[in-house]
Every structure is written in C-alpha cells, then in structure tokens.
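Engineer: Please work out how this folds:
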Amino acid sequence: RDQELSSLNHQKKEQGDCLSIVNVTKDFDTLRAVNNFNCDLFGNEIFCLLGHNGAGKTTLINMISGIYDPTQGDIFYKGRSLVTNKDYLFENIGLCQQEDIFFDYLTVSEHLKYMMEIKGSERDREQINTYLNKIDLASKKESLCKRLSGGEKRKLCIAMALIGNSKLVLLDEPTSGMDVMAKRA
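Structural biologist: Just a heads-up that it's a prediction; the model follows:
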C-alpha cells in the first residue's frame, strides 16, 4: 500500500498537482523560526501541522501564503514559485490567519466580495450567499464586521479563505473562539 501511495504521489508531483516546500528557512534577526523545512502536499489531501507554541507552524503558513518570504528555499505550487509569483499565489490560495484581520467598517458580504476581487474571481452573489449559509452568517450579511462576535469573525475568516475557488486553503487555528456547535459544523 505504501508503494502504491508513493507511486501515486510521485505521479501527482510530475503532473504538478502538488505544493512543494523546498529547503525553507526563516530567520528573524538571530532567531531561526523555521529550519530547512521540506514537504510535498498533494491535491485532495488534508495536511496538519502539530507542534508546541513557538515551533514555527504559523511562520511556515505565513511563508506559504506570501506574508513572509523565506530567508532561504522556495515554495512551489503546480511547479511555479509562490515566492516570486505573488499574483499566482493570491489567485490560488485562501488563508484563515490565526488573528482576525478585518476592516471594521465593511460588512460581512463586502469582505467576501473583496476577497473574490483579490483572487481574481468575478463577484458572484450566489457564491457569497452559499458561503454565508454554510457558515451560518446569512442573517449577518449586511452587518459591519466590528459588530460581530469573536466566533462569528472566525466563521467569516474561514469563508474568506474558501471563497473564490481557492485551490489551496490554509487554516491557522480556525475554530479558536467558536462555540462547540459552530466548531462541529
């Protein structure tokens, strides 16, 4: 079974259906947050980073999403560098960061429209309504973001990561601050 999986993953990598993290290191002055990290992630997979606080998980996610450039190494998606092709990165990757980052005076639906623009997707009212229903925020569609609870903000962050046909979705502690029922959903 392991040989079959290895062969399939090799084939996916050859076809470019892969996120390859190659010899990635990130230094902040004298602190090395990520040291020579290598990994291949394939389409239709779920991958989880586990580690103690300060292990470099969020730093790695921030490098994949383009927030930080690696000090060394590169990150490739479908054979193209995400470090040197930021437009390609923004079109393909959805990110739910550990901290909520919103514009207080935009509504819930305006945030989703904005993310679709960043990803180069056409504004699609139906797609926005679909995601608002999926995350149980349809009733808050026209609410200003500053009026949302912490859990509602996390839901919006997840929707912003998914909307616009994201090919790769990065979630950094997506359910923190949510109630039990919202986490399950």
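Engineer: any weak-confidence spans in the protein?
Structural biologist: Along the chain, the model assigns pLDDT under 70 to residues 1-16, 123.
Engineer: rerun that using 80 as the cut-off
Structural biologist: Low-confidence segments of the chain, defined by pLDDT under 80, are located at 1-17, 120-125, 185.
Engineer: List the residues that contact the spatially closest residue to residue 146 that is not a sequence neighbour.
Structural biologist: Closest residue in space to residue 146, ignoring its immediate chain neighbours: residue 104 at 3.8 Å, by Cβ to Cβ, 6 or more residues apart in numbering. C-beta coordinates here come from the backbone N, C-alpha and C atoms, glycine included. Contacts here follow Cβ atoms under 8 Å, 6 or more residues apart in numbering; on that basis residue 104 touches 144-146.
Engineer: Please settle this for me: is residue 104 part of a strand?
Structural biologist: No. Counting by DSSP: H, G, I helix; E, B strand; the rest coil, residue 104 is not part of a strand but coil.
Engineer: What's the local residue count around residue 71?
Structural biologist: 14 (other Cβ atoms under 10 Å).
Engineer: which ones are touching it?
Structural biologist: 25-27.
Engineer: Test my guess that residue 33 contacts residue 59.
Structural biologist: Yes. Judged on Cβ atoms under 8 Å, residue 33 makes contact with residue 59 at a distance of 4.3 Å.
Engineer: what residues do those two have in common as contacts?
Structural biologist: residue 26.
Engineer: Can you show me the helices along this protein?
Structural biologist: 2-15, 57-64, 86-92, 108-118, 125-134, 150-162, 180-184 (DSSP state H).
Engineer: and the ones you listed as JSON lines, adding distance to residue 40 and mean neighbour count?
Structural biologist: Formatted as JSON lines, the helices of the chain follow (distance: least, Cβ to Cβ, whole Å; neighbours: other Cβ atoms under 10 Å):
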{"stretch": "helix 2-15", "distance to residue 40": "6", "mean neighbour count": "11"}
{"stretch": "helix 57-64", "distance to residue 40": "13", "mean neighbour count": "22"}
{"stretch": "helix 86-92", "distance to residue 40": "16", "mean neighbour count": "16"}
{"stretch": "helix 108-118", "distance to residue 40": "27", "mean neighbour count": "19"}
{"stretch": "helix 125-134", "distance to residue 40": "29", "mean neighbour count": "15"}
{"stretch": "helix 150-162", "distance to residue 40": "22", "mean neighbour count": "21"}
{"stretch": "helix 180-184", "distance to residue 40": "29", "mean neighbour count": "11"}
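Engineer: closest to residue 47 out of the ones you listed?
Structural biologist: helix 57-64 (10.8 Å; Cβ to Cβ).
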